[in-house]
Every structure is written in C-alpha cells, then in structure tokens.
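Undergrad: here is my input; please provide its structure:
(one chain, ligands or ions: 1)
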Amino acid sequence: MAPGYKFFIQTYGCQMNVYDSAVISTLMEQAGFQPVKTEEEADILIYNTCAVREHAENRAMGRILSAKGRYPLRKIVVVGCMAERRKSELKEKYGIKYVFGPREYKNIPGVLINQEAHYINLNYDDILPEQEGVSAYVSVMRGCNRFCTYCIVPYVRKEEVCRQPENIIDEVKKLIKDGIKEVILLGQNVNRYKYRDINFPELLKWVAEETDIKRLNFLTSHPADISSELFEVMVGHNNITKFIHLPVQSGSDKILNKMNRGYTVRDYKNIVKFARGLIPEITITTDVIVGFPGETDEDFQKTLDFIKEIEFDYAFMFKYSPRKGTLSALFDETITEREKKERLSKLIELQNKITYKKNERLIGRERKILVLGTAKRDGVMGKDATGKLVVFKGDSKRGSFVKINITGITGWTPVGKVVKSVNREM
Ligand code: SF4
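TA: Numbering: from 1, shown residues only. Next comes the predicted model:
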C-alpha cells in the first residue's frame, strides 16, 4: 500500500486514547497518508479501542466487525488496549491482519506500506502530535505499575515510561503557537512521574513557568502517590487550574485493601483536608466502584457516609464488573447484579444532590471563563479557573476569556450571564 491513501480513526475510551489517536494521525500524515472525517471516504479504517469495561470492548468489537463486513476491500487496523488484550483472537478468529498494542503505534505506517513487522517499542519523545481547538492533551508518561486488582491497564499499557521534560515543554510551546489555550498533562497516574530527578510537581511548575499556557491541568492523580508539594505548586501558579481528579473507589478500608489501592480512608481524608486548607475553592472529583467482591451493606454504607462527608464536586460512579486477566476476576462475586444496580442508584442520587448543592453555592458569584465552544443544548460552554463547566448565552469566541455572573443552575450545570469580555486570562 503506497502513501496517499486516506485513513479514518475512530476513538473509544479515555483521554489517553484521544491523545494516542492524535499521535497515530500525525505518524500517518508524516508517512504521506491523508486523514478523512468519515469511514465512507477512507481506504484505511483505524479503530483505537478501550478494554477498561466489557461494554466498551463490545461496542468497539461490534463496530469493527460491522466495518469488516461492509468494507471487505479496505484495510482494517485495530489499536489500543483491546487490541493488546485480544490480539490473537482478532487476528486468528476474525482475520484482522493489522493489530497494534499501545506501545506499537510507530510501526503502523511502515507495516501498512512495506508489510514489515519489525515491532519496536514506541518512544514518544520524538513525536509532537497535531492537535487543534482550545484544549489539548499532552502525555507525560505511559503505562502503570500499580496493579489495582480490578484494572486491566497495567497488563495492556504495560510498565511506566516517563517522557523527557524538555520534550513536554516543546510540545506545550508548539500547541500554544497553534492556538491552544488549555493543556491537560496526561498519565495513568501522573504522581509517579519521574525523569532524572524531576518529579511531577516539579514538571508541572516547569510547564507553568516556562510556557505561556493560559490554563494548565493534569489527569489522573492517585491518593497513594500524591504529595503536598503538588498542591503548593498549584496554589503558587495562576495558570494552573484549581482542579483535581482523585479517584477514591470505596469508603471502606477493607475494600480498598482488596482493591490493592495502597491508602486508607483516613489517608484520603487527610489529602482533601490539606488541599482545601491551602486552596479553599478547589474542585475535587472522584471515581467510585460499587459492588466490588466482598462489599457488604456495611462497607457500602461507609462509602455513602464518606461521600456525604467529603462533598465531591462531581463523581464518576460505576458498578463493578470483572475483567478477565485481572486478579479480582478470580475473587468470588458476592453481590448480585440487582444489588449492584440498587447500590449504584443510591450513590448516584446522593452525589447528584451534593453536586447540585455545591454548584448552587456559585449563584451570584463572578467566574472567569475560558470559552470552549457551543453548549450541547443551547448557548456557549466554558470552564472556570477551578475546572467547572459553565453555560451562558452570547456569541463569545472559542478560546477567548469572559467574566460571567452565575445566575442559576440547569440540571447540575451552573448557568450565567456575561459581565465582560477580557483579552487575557485574569
Ligand atoms: S492506578 Fe490502578 S486503576 Fe489506575 S491505571 Fe493503574 S492499576 Fe489501573
């Protein structure tokens, strides 16, 4: 296959996959292939898959097999975490020739052109992917060494590899030149970033000070690896968003231990206390899993009590489902599907009330908003300096900054009116 052919990428899953699709697209374009926006126009169909939940895998697999049936003459390329997890099945059972795990993306154009299969591990330090819009992701590390017992990521994304800080700075500077206003530094667990003697708070400080980025953010943090230094860097830099996503997963020490999370409920509370002491306006969001094997009514009640006490701004809440290949898939499932659903509904109901209450407290306040674009239903959407999404009426330009007065709540989202436009971050 010669360069010049058109390719289309469909992305499933997390922010890391969104970033990886930009990496793959850049590699393909550098090799002479042309990106297109639909499957119909493309000669090469690339599916960047997720393996974190069964539902995500089934959705991607359905789309891949349907594309295989509809476009028998096109090249189908499956990449990402499911590609790594189900490589032999994809190749042998479904006859998909081009399957690449998350460390193998650099090989894609070469294999498509020359049919070569000299697989080399991906070093991201020499790729500056093209991204456009207001916000962009920048991966600072890959993989995870933590092995939470329910998680497939360490098996498919493999061991942690950190990027050179100089290269990260170069990438952020390039994005700023391309018009990007917000950069989100990505890692499965950014708190374990270490390159030479530079840790994550030092990297964050370096990016905040060495570049003109207007908003700087990061995902995801881990309670067992986070340090007070990180919050000190956040409070000391106006361009760092006062937002942290800190997955807790359970409010029961027994369950946290079974999950191999490496911290206790008390440790977590201490982190929140310190963060809020230093940055009272900080937005804190979390992830929670209900129905983990062995979770009793009492354990679940502890989670509810914990959620009530902490008052997260928002939470991503899930029912536990075992992933083949992880340790917890070997644990006896003690909770029925019905019980899991009931627990999840209770938790969502509680968190929704808290989210509403917390957002309601913003009414009457002024926020400085980075305009992201058109809101789903009506109006314009933007993010404030604590990472909260705000919707307002008006025709403000994407990437500009406006002052908004919060006047109410729709659903759970704060809505407001423009007070004035500003040309720079305040
Ligand atoms: S820290 Fe735990 S949950 Fe997060 S990617 Fe690593 S193993 Fe998975």
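
Undergrad: mind listing the helices in the stretch 301-426 of the chain by residue range?
TA: 337-360 (DSSP state H, counting those that start in this stretch).

Undergrad: quick one: the strands in it?
TA: 314-319, 366-374, 380-383, 389-392, 401-410, 413-422 (DSSP state E, counting those that start in this stretch).

Undergrad: can you put those in a markdown table and add distance to the ligand, mean neighbour count and mean pLDDT?
TA: (Each C-beta comes from the backbone N, C-alpha and C, glycine too.) Output for these, formatted as a markdown table (distance: least, Cβ to the nearest ligand atom, whole Å; neighbours: other Cβ atoms under 10 Å; pLDDT from 0 to 100):
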| stretch | distance to the ligand | mean neighbour count | mean pLDDT |
| --- | --- | --- | --- |
| strand 314-319 | 12 | 18 | 97 |
| strand 366-374 | 26 | 19 | 93 |
| strand 380-383 | 24 | 22 | 94 |
| strand 389-392 | 24 | 21 | 94 |
| strand 401-410 | 32 | 18 | 94 |
| strand 413-422 | 28 | 17 | 84 |
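
Undergrad: how about the nearest residue to the closest residue to the ligand within the stretch 151-300 of the chain, chain neighbours excluded?
TA: Using Cβ to the nearest ligand atom, the single residue of the stretch 151-300 of the chain nearest to the ligand is Cys151, 3.1 Å away. Distance criterion Cβ to Cβ, 6 or more residues apart in numbering; nearest residue to Cys151, sequence neighbours excluded, is Thr326 at 6.3 Å.

Undergrad: which bits of the stretch 1-150 of the chain sit near the ligand?
TA: Taking Cβ under 6 Å from any ligand atom as the measure of proximity, the stretch 1-150 of the chain contacts the ligand at 144, 146-148.

Undergrad: let's have those residues in a markdown table, adding secondary structure.
TA: Below are these laid out as a markdown table (DSSP: H, G, I helix; E, B strand; the rest coil):
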| residue | secondary structure |
| --- | --- |
| Cys144 | coil |
| Arg146 | coil |
| Phe147 | coil |
| Cys148 | coil |
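
Undergrad: got a quick PyMOL command for the buried subset of those residues?
TA: In PyMOL syntax, the buried subset of these is picked out as below (16 or more other Cβ atoms under 10 Å):
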select buried, resi 144+146+148
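
Undergrad: now, among the residues of the stretch 1-150 of the chain next to the ligand, which is nearest to Asp395?
TA: Proximity of those to Asp395 (Cβ to Cβ) peaks at Cys144, which lies at 42.9 Å.

Undergrad: and that closest one, what does it touch?
TA: Going by Cβ atoms under 8 Å, 6 or more residues apart in numbering, Cys144 touches 151, 153-154, 157, 160, 188-189.
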